[in-house]
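Chemist: Return atomic coordinates for the entry below.
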Amino acid sequence: MEPWRPSPRNPMHRIDPKTFHFQFPNLRYASGRRLCYLCFQVERDYFYYNDSDWGVFRNKVHPRARCHAEQSFLFWFRDQYPCRDEYYNVTWFLSWSPCPTCAEEVVEFLEEYRNLTLSIFTSRLYYFWHPNYQQGLRKLWDAGVQLDIMSCDEFEYCWDNFVYHKRKRFQRWNLLKDYDFLAAELQEILR
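Modeler: Residues are numbered from 1 along each chain as shown. Okay, the predicted model is just below:
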């Protein structure tokens, strides 16, 4: 019997405002937030036009194996964009930074798609005090991934493009509570 593998699935178009405000704030410690959301935008540059694709993935728990949001994106991308010679600009907005396993899989993915640039804006740093999680972030950085903590601009962009906001304007609320701490911590990790 072949081992279980997560299959590519279609991303969600948007998330609920309550989900956004619960899952995405910049927090040093975020108890009760066990899900990871990955909002993404894929841009392809052609000679005459710019094509873009976007959506949201959430980690998926399966009885035999877990599929993190990053893994769901990678499976989906390989299915949607099999041509490795095109140029892609991919942006992720994550509620949690990647774990070491996902970081390694992203680095391998970038070796397959050499013409792809990846920018990751994360709301929180996952187990940032653990050396192997720090090493995973450094591997991403060394592979050319732009890494940053989500600021007000990124939160507003996510609100406008990935949240069912029903024409309500973006409000900061407490989204940036620990921004300064997390930004400094990420810079220290990447040194």
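
Chemist: which ones are touching the closest residue to Asn174 other than its chain neighbours?
Modeler: Among residues not flanking Asn174 along the chain, Pro25 sits closest, at 5.8 Å (Cβ to Cβ, 6 or more residues apart in numbering). Every residue, glycine included, has its C-beta placed from N, CA and C. Residues in contact with Pro25 (Cβ atoms under 8 Å, 6 or more residues apart in numbering) are Ser123, Arg124, Trp173, Asn174, Leu175, Leu176, Lys177.

Chemist: Pro25: which element?
Modeler: Using DSSP states H and E, Pro25 sits in no helix or strand.

Chemist: Next one, pLDDT for it please.
Modeler: pLDDT, Pro25: 81.

Chemist: go on, Glu2?
Modeler: Reading off the model, Glu2 has pLDDT 44.

Chemist: Then Arg5?
Modeler: 52.

Chemist: Same check on the one 5 residues further on?
Modeler: What the model reports for Asn10 is a pLDDT of 78.

Chemist: Kindly confirm my reading that it forms part of a helix.
Modeler: No. Using DSSP: H, G, I helix; E, B strand; the rest coil, the secondary structure at Asn10 is coil, not a helix.

Chemist: re the thing from before, which one (most neighbours) among the contacts of Pro25?
Modeler: Counting neighbours by other Cβ atoms under 10 Å, Ser123 leads the contacts of Pro25 with 28 neighbours.

Chemist: Now for it: which residues touch it?
Modeler: Ser123 neighbours (Cβ under 8 Å, 6+ apart): Gln23, Phe24, Pro25, Asn26, Leu27, Phe93, Leu94, Ser95, Trp96, Ile149, Met150, Leu175.

Chemist: switch the cut-off to 7 Å
Modeler: Phe24, Pro25, Asn26, Leu94, Ser95, Met150 (Cβ atoms under 7 Å, 6 or more residues apart in numbering).
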